[in-house]
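Engineer: okay, sequence plus prediction incoming.
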Amino acid sequence: MYNVRKINNDLYWIGGNDRRLALFENIHPIPEGVSYNSYVLVDEKSVLFDTVDWSIARTFLDNLDHVLGGKPLDYMVINHVEPDHAASINEIILRYPKVKIISMDKAFMFMRQFDFDIDSVENIVVEPGETIKFGKHEVAFVDAPMVHWPEAMVSFDLTDGTLFAADAFGSFGALDGRIFNDEVDFDRDWIDSARRYYTNIVGKYGPHVQDLLRRASGLEIKTICPLHGPVWRNNLGYILDKYDKWSSYTPEEEGVLIIYGTMYGGTEVAAESLGRRLAERGVTNIKMYDVSKTDNSYLIADAFKYSHIVLASVTYNLNIYPPMEDFIRHMIMLNLQKRTMAVIENGSWAPQAGDKIRKLLDEMRHMNVLTDEVLINSTMKEGNRHEMDVLADSIVESFKKDKQ
Ligand SMILES: Cc1cc2nc3c(=O)[nH]c(=O)nc-3n(C[C@H](O)[C@H](O)[C@H](O)COP(=O)(O)O)c2cc1C
Ligand SMILES: [Fe+2]
Ligand SMILES: [Fe+2]
């Protein structure tokens, strides 16, 4: 049942796809599925780079067996111990009992913690920057802490310029036989999944990703082999630029993301009336969501994409509407910063949402929170129309300031 693809001279993709899993990390919906990529280098020695999630172990093992053609596996490099990649370590050890594992100190500690049976085989502990020759290929091992876990490292094949990037440069979405970025229309079909993957999975660790990007800029990278999604073999500047923006919390687009929480529609009408006012003032890059309707992971992805975020919330038992609070707490957890924010609140007898949202926004770094207050009592009133005009003007004004 094998299904492998050749990447370049001696390197093969031997991963697979899961289209049945509903929630990645049991939290993020993945209607588009997910791929778990694994790679094997066949030189004088054979080297496996990471394993796969348990769900696709069968295909992965058949793939590996096919590429090795009956020969034993010599080395297994573990770049990342999270079980979506490391789950099949034991199975590899069972089938190839002479395999030597290459990784860094902390990763070995994690492998023991996760009960992988690594002490039955030889462990080669590499230091950051150390290289090993496997024949004509020499591979350097570079620590990449917190991209996306503390033990993470990346491996760089100095001979071919191939970067085994662990969770960096990954994307949600199952592969359909096309595994290279130039075989798909990435900017049309993949970028939203890539952004949703990065922002929700690695988004919190921007400074660590920045550090990795800085170090990678000194390397002559020709191919990027991530653990999820397409392999990059040309136009690397495109994805490096996206990663630079996402990890420095720089908006990709000047535009307004409007997220509202409503029970009976009053707050929705208010959000739409702001959208209309912005459009009338020439701001047409607008995206609007009902916070109860759209999963958080999509909202987070767009929060990283747009420069302005408007939060419109009802008061719910003297609090922020819970789905809205959940979204705000996710933004805080993921360290989102450098946005212009505005708040609209609704309450029928004791409005509290506005103050409470502003308090939460205070916890975030480099946020420009507009001071304009829009308080709606159940439904928009005449006075609100004026407040909404003022808010729309303020947003337009802040765009002008951003451009200066
Ligand atoms: C369960 C529940 C609790 C609410 N708690 C408050 C509250 O504590 N203070 C308040 O001013 N309004 C409260 N409201 C009213 C709503 O905040 C809101 O004003 C009203 O539903 C109209 O907005 P909407 O049409 O966008 O839902 C509550 C409504 C519900 C259904
Ligand atoms: Fe991970
Ligand atoms: Fe992963």
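Structural biologist: Perfect, I can see it now. Ligands and ions are numbered 1, 2, ... in the order given.
Engineer: how about the residues of the stretch 151-300 of the chain that lie near ligand 2?
Structural biologist: Proximity of the stretch 151-300 of the chain to ligand 2 (CB under 5 Å from the ion) is limited to residues Asp167. The way it works is simple: take the backbone N, C-alpha and C, and place the C-beta from them, glycine included.
Engineer: can you confirm Leu360 is in a helix?
Structural biologist: Yes - assessed with DSSP: H, G, I helix; E, B strand; the rest coil, Leu360 lies in a helix.
Engineer: tell me the contacts of it?
Structural biologist: Leu360 makes contacts with 320, 325, 328-329, 332, as judged by CB atoms under 8 Å, 6 or more residues apart in numbering.
Engineer: do the same with Gly206
Structural biologist: 246-249, 335.
Engineer: now do Glu25
Structural biologist: Listed by CB under 8 Å, 6+ apart, the contact partners of Glu25 are 84, 201.
Engineer: could you rerun that using 10 Å?
Structural biologist: By CB atoms under 10 Å, 6 or more residues apart in numbering, the residues touching Glu25 are 82, 84, 200-201, 297.
Engineer: over to Lys293?
Structural biologist: Counting by CB under 10 Å, 6+ apart, Lys293 has contacts 261, 323.
Engineer: wait, Asp143 sits on Phe156?
Structural biologist: No - between Asp143 and Phe156 there is no contact under CB atoms under 10 Å: 12.0 Å.
Engineer: who touches both of these two?
Structural biologist: Arg215.
Engineer: now, the contacts of Leu360 that are in strands?
Structural biologist: Counting by DSSP state E, the part of the contacts of Leu360 found in strands is Ile320.
Engineer: with distance to ligand 3, pLDDT and secondary structure as extra columns, can I get the contacts of Gly206 in CSV?
Structural biologist: Formatted as CSV, those follow (distance: CB to the ion, whole Å; pLDDT from 0 to 100; DSSP: H, G, I helix; E, B strand; the rest coil):
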residue, distance to ligand 3, pLDDT, secondary structure
Trp246, 16, 98, helix
Ser247, 17, 98, helix
Ser248, 22, 98, coil
Tyr249, 22, 98, coil
Asn335, 19, 98, coil
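Engineer: out of the residues you listed, who's the most crowded?
Structural biologist: Among those, Ser247 has the most neighbours (other CB atoms under 10 Å), with 24 neighbours.
Engineer: contacting residues around that one?
Structural biologist: By CB under 10 Å, 6+ apart, Ser247 lies in contact with 147, 168, 198-199, 202-203, 205-213, 304.
Engineer: mind running it again at 8 Å?
Structural biologist: Ser247 makes contacts with 205-207, 209-210, 213, as judged by CB under 8 Å, 6+ apart.
Engineer: how much space between the residue nearest to it when sequence neighbours are not counted and ligand 1?
Structural biologist: What sits nearest to Ser247 in space, not counting adjacent residues and going by CB to CB, 6 or more residues apart in numbering, is Val209, at 3.7 Å. According to CB to the nearest ligand atom, to the nearest Å, Val209 stands 38 Å off from ligand 1.
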